[in-house]
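Visitor: Below is the structure, and that's it, no one-letter string:
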């Protein structure tokens with residue numbers, strides 16, 4: 001059985017826009033990238049692909065639902081290297097498990 005979820009225009013604007021109704025937020029569903037490319041989330045190059053078009057947003061939510069783990073290079077590229085290159089963009093993980101949280105925290109401690 002397929003259940004379709006519909007959102008109203010008001011819900012979309014509330015979730016993804018700022019006070020001036022500019023779309024400045026996005027959410028990336030990580031498991032879709034994993035399924036599409038068919039690779040484990042371990043490499044820097046895959047992290048770069050996932051982040052390739054986020055420059056127009058101020059807040060990016062990475063949804064890790066359905067992902068068991070990520071590699072050190074992936075976490076470092078997203079949560080340290082990219083954040084240092086683009087400090088005006090906030091990248092926030094959501095729905096991450098303890099394994100993913102560990103790798104993110106490790107990346108944040110690296111210099």
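Guide: That came through fine. All values derive from a computational prediction rather than experimental measurement.
Visitor: Now that residue 80 has come up, it's in contact with residue 107, right?
Guide: Yes: if you go by C-beta atoms under 8 Å, residue 80 and residue 107 touch, sitting 4.7 Å apart. Where you see a C-beta, it was placed from the backbone N, CA and C, and this is true even at glycine.
Visitor: quick one, which of the two is more surrounded?
Guide: Of the pair residue 80 and residue 107, residue 107 is the one with more neighbours under other C-beta atoms under 10 Å, namely 20 against 17.
Visitor: ok, the more buried one - contacts?
Guide: Residues in contact with residue 107 (C-beta atoms under 8 Å, 6 or more residues apart in numbering) are 72, 75-76, 78-80.
Visitor: which SSE is it in?
Guide: helix 98-109 (DSSP states H and E).
Visitor: Next SSE downstream of the lowest-mean-pLDDT helix or strand in the chain?
Guide: Sorted by mean pLDDT, DSSP states H and E, the helices and strands of the chain end with helix 30-37, the least confident at a mean of 68. Downstream of helix 30-37, the next assigned helix or strand under DSSP H and E is helix 44-50.
Visitor: just checking, what packs against that following helix?
Guide: With contacts taken as 3 or more C-beta pairs under 8 Å, 6 or more residues apart in numbering; DSSP states H and E, helix 44-50 sits against helix 30-37, helix 72-76.
Visitor: distance between stretch 87-98 and the chain's centre?
Guide: 6 Å (C-alpha atoms, centre = their mean, to the nearest Å).
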